[in-house]
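S.K.: Got a sequence here, can you model it:
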Amino acid sequence: PCFLWIFLGAPFIERLRDNHALTAALTAVTAAVVGVILNLALWFGLHVLFDRLRPVAAMGLDLDLPVWRTLDPAALVLILAAMIAVFRLRAGTVPVLAGCALAGLALHLSGIV
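M.R.: Take a look at the predicted model:
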């Protein structure tokens, strides 16, 4: 349903680009969405790379800091391989996801992970 709203509303939003007040509001919404996506990426990244996180509360912030000895080396290697494939070799999203999925499956079936 969310994507349906996006596809239905996109043509109307494009027509409203000349309205400066609405453009400013949409810019603010876009910035908020980027912040949420970044937060989710960090959360998932920490939970994939580390088996344990310890909560820390300081200066009004609640953070989950990684316990470094619980680092998953196989996950780190997969992440580094994916980053090299995307940024250095300019591989597409689907081949990188498929390759990482197959590598993760192979690691899991071999008992390494």
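
S.K.: low-scoring pLDDT stretches of this structure, where are they?
M.R.: 1 (pLDDT under 70).

S.K.: centroid residue for it?
M.R.: Geometric centre of the chain, nearest residue: residue 41, 3.2 Å, by Cα atoms, centre = their mean.

S.K.: part of a strand, is that one?
M.R.: No - counting by DSSP: H, G, I helix; E, B strand; the rest coil, residue 41 is not part of a strand but helix.

S.K.: Now do it against residue 81, distance only.
M.R.: Distance, residue 41 to residue 81, by Cβ to Cβ, to the nearest Å: 18 Å. For every residue, glycine as well, the C-beta is placed using N, CA and C.

S.K.: Please apply the same query to residue 107.
M.R.: Taken as Cβ to Cβ, the span from residue 107 to residue 81 is 12 Å.

S.K.: where do the contact lists of these two overlap?
M.R.: Applying Cβ atoms under 8 Å, 6 or more residues apart in numbering, one finds that no residue jointly contacts residue 107 and residue 81.

S.K.: Now do the strands in the protein.
M.R.: 53-58, 61-66 (DSSP state E).

S.K.: Would you mind giving the domain segments of this protein?
M.R.: Domain assignment for the chain by the TED database gives 1-67, 72-112.

S.K.: which of the ones you listed sits most buried?
M.R.: domain 72-112 (a mean of 12; mean count of other Cβ atoms under 10 Å).

S.K.: what's the straight distance from one end of that domain to the other?
M.R.: Domain 72-112 has its terminal residues 11 Å apart, counting by Cα to Cα, to the nearest Å.

S.K.: Including distance to residue 90, could the strands of the chain go into TSV?
M.R.: Converted to TSV, the strands of the chain look like this (distance: least, Cβ to Cβ, whole Å):
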stretch	distance to residue 90
strand 53-58	33
strand 61-66	30
